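> with the input below, show me the fold.
(one chain, ligands or ions: 1)
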Amino acid sequence: MAKTQANAGKPDRIESGLLRRINERRLFEALQQHGPASRAALTRLSGLTAPTVSKAVESLLSRGFVEETDPIDQAIGRPGKLVRLATASAVVLGVVIDVGNCSVAMTGLDGRVTENLTSRFATPTDYPALLDAIEAQVRAFVGNSFDRLRGIGVSVPGLVNDRLGEIVFSPNLHLLDKRNPARDLADRLGCECLLLQESYALCLGERLHGAARGLDDFALLDVEAGLGLGVMSGGRLLAGHSGLAGEIGHITVAPDGLRCGCGNRGCLETLATDAALARMLSESVGRPLRLAEAEALLAARSADFQHEIRTVTEHLAIAIAAVINIFNPTALFVHGRLLIGNPERFERVLDRVKQRTLTAALADCAIHATRSSKRQGAVAGIIHQLTSAWAPSFG
Ligand SMILES: [Zn+2]
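Coordinates of the predicted model:
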């Protein structure tokens with residue numbers, strides 16, 4: 001009996017520690033959503049009491065997650081200081097490994113990616129050179145202030161097996177097969193690095209900064225290099241047993257079609273993507289075109305390539321219809337350049353989607369071009385990881 005009493009205070013202490021972190025996370029999320037705010041505004045936005053907000057802000061300040069700043073308009077009286085997500089005292093990096101090009105972007109904990117803090121380089125042809133290039137870019141950005149670096153999100157194409165903790169297979173970038181660049185970068189740089197499948201990264205980016213803000217049920221289709229799918233259902237990403245769910249790109253649509261990067265023939269991604277259209281244009285003009293060159297060619301002479309545009313439009317509509325019919329999302333975001341990035345061609349895709357989708361499912365679903373990017377997604381991913389490690393989210 002005496003023993004029970006001696007331990008009686010312990011669960012309460014654990015509970016209050018957890019409660020404190022949950023409150024801190026709630027404030028962090030309010031700042032993510034609304035931008036810099038005074039303590040009074042945070043009290044209103046969070047629904048917490050003023051003393052609780054005050055305590056939580058002090059704790060966030062002491063750990064460098066937020067900073068104080070002066071309000072822009074100081075004309076009226078002496079307004080209190082604003083609290084904002086740390087941008088001077090803490091940084092995160094987003095690394096995007098992709099077919100053709102890679103990029104590294106640095107942001108504060110507000111996660112706002114800018115062009116002047118982004119560097120790009122052609123994807124090296126072997127894995128050690130890739131790690132060298134990323135490490136060099138990271139060191140150039142961070143310099144001597146590694147203490148400010150909270151973590152790095154690494155977006156990768158391919159099948160990421162969560163249980164094995166590696167990319168088991170990357171159909172369009174085989175140098176990543178059986179690799180985990182996040183783990184290897186963590187070893188080189190000594191900081192937390194998170195591996196993110198690129199469709200998942202895009203979902204997180206769109207949810208934090210794009211048009212999916214506040215949505216718990218949506219799907220995202222990436223149609224640039226491969227055909228990737230992320231499905232957010234009830235606020236959780238559909239992962240499957242090992243994190244491999246969503247590989248819609250490797251559904252066979254042309255049994256005797258072209259060889260796909262996965263080894264099969266006639267996969268949907270050989271016919272429905274920007275890469276597929278760029279390949280068809282390359283064949284038509286008789287020289288290999290990069291995506292940007294294909295984009296320029298379409299801008300100048302799209303009338304000459306109507307057959308190629310129609311073929312990819314038709315297959316992309318089939319892909320979009322499949323996602324809507326199977327998952328019944330409230331919104332579908334499509335990430336692409338050649339068809340989705342051009343309003344007129346995007347309209348033609350949507351027109352074909354109407355023909356291919358069950359009317360009831362289509363009526364539930366708004367289709368948008370994404371506003372986010374893989375860079376934004378990689379950054380959103382590491383920020384999400386940092387806050388999740390800190391306390392669970394309750395909405
Ligand atoms: Zn395939």
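
> quick one, strands of the stretch 1-150 of the chain?
37-38, 66-69, 82-85, 91-96, 101-107, 118-122, 149-156 (DSSP state E, counting those that start in this stretch).

> which one of these lies closest to L339?
strand 101-107 (19.8 Å; Cβ to Cβ). Just so you know, the C-beta spots here come from the backbone N, C-alpha and C atoms, and that holds for glycine as well.

> quick one: strands adjacent to that closest one?
Using DSSP bridges, the strands paired with strand 101-107 are strand 91-96 (antiparallel), strand 118-122 (antiparallel).

> buried sites along it?
Going by neighbour count (16 or more other Cβ atoms under 10 Å), the buried part of strand 101-107 is 102-107.

> now pLDDT too, for these, in JSON lines please.
Below are the buried residues of strand 101-107 laid out as JSON lines (pLDDT from 0 to 100):
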{"residue": "C102", "pLDDT": "97"}
{"residue": "S103", "pLDDT": "97"}
{"residue": "V104", "pLDDT": "98"}
{"residue": "A105", "pLDDT": "97"}
{"residue": "M106", "pLDDT": "97"}
{"residue": "T107", "pLDDT": "96"}
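
> would you mind naming what in the stretch 101-250 of the chain lies close to the ion?
Proximity of the stretch 101-250 of the chain to the ion, by Cβ under 5 Å from the ion, involves residues H250.

> what residue in the stretch 101-250 of the chain comes nearest to the ion?
Taking Cβ to the ion, the ion has its nearest neighbour within the stretch 101-250 of the chain at H250, 3.7 Å off.

> next, count neighbours for that residue.
By the measure other Cβ atoms under 10 Å, the count of residues near H250 is 18.

> tell me who's in contact with A276.
In this structure, A276 makes contact with 269-270, 312, 315, judged by Cβ atoms under 8 Å, 6 or more residues apart in numbering.

> let's see that with 6 Å instead.
By Cβ atoms under 6 Å, 6 or more residues apart in numbering, A276 lies in contact with 270, 312.

> how many neighbours does R139 have?
13.

> test for you: state the pLDDT assigned to it.
With respect to pLDDT, R139 has a value of 96.

> just to revisit the earlier point, which one, of the strands paired with strand 101-107, ends up nearest to Q32?
strand 91-96 (13.0 Å).

> so what's L338 closest to, chain neighbours aside?
D274 (4.6 Å; Cβ to Cβ, 6 or more residues apart in numbering).

> same deal with P288?
Distances taken as Cβ to Cβ, 6+ apart put S282 closest to P288, at 5.0 Å, once the chain neighbours are dropped.

> and that neighbour, how far from L82?
52 Å (Cβ to Cβ, to the nearest Å).

> right, and the strands of the stretch 1-150 of the chain - which one's nearest S233?
The closest of the strands of the stretch 1-150 of the chain to S233 is strand 149-156. By Cβ to Cβ, the value is 21.1 Å.

> and the closest one, what does it pack against?
Strand 149-156 sits against strand 91-96, strand 193-197, helix 374-390, with contacts defined as 3 or more Cβ pairs under 6 Å, 6 or more residues apart in numbering; DSSP states H and E.

> quick one on the thing from earlier: turn the strands paired with strand 101-107 into a markdown table, including distance to R375 and mean neighbour count.
Below are these laid out as a markdown table (distance: least, Cβ to Cβ, whole Å; neighbours: other Cβ atoms under 10 Å):
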| stretch | distance to R375 | mean neighbour count |
| --- | --- | --- |
| strand 91-96 | 5 | 27 |
| strand 118-122 | 6 | 14 |
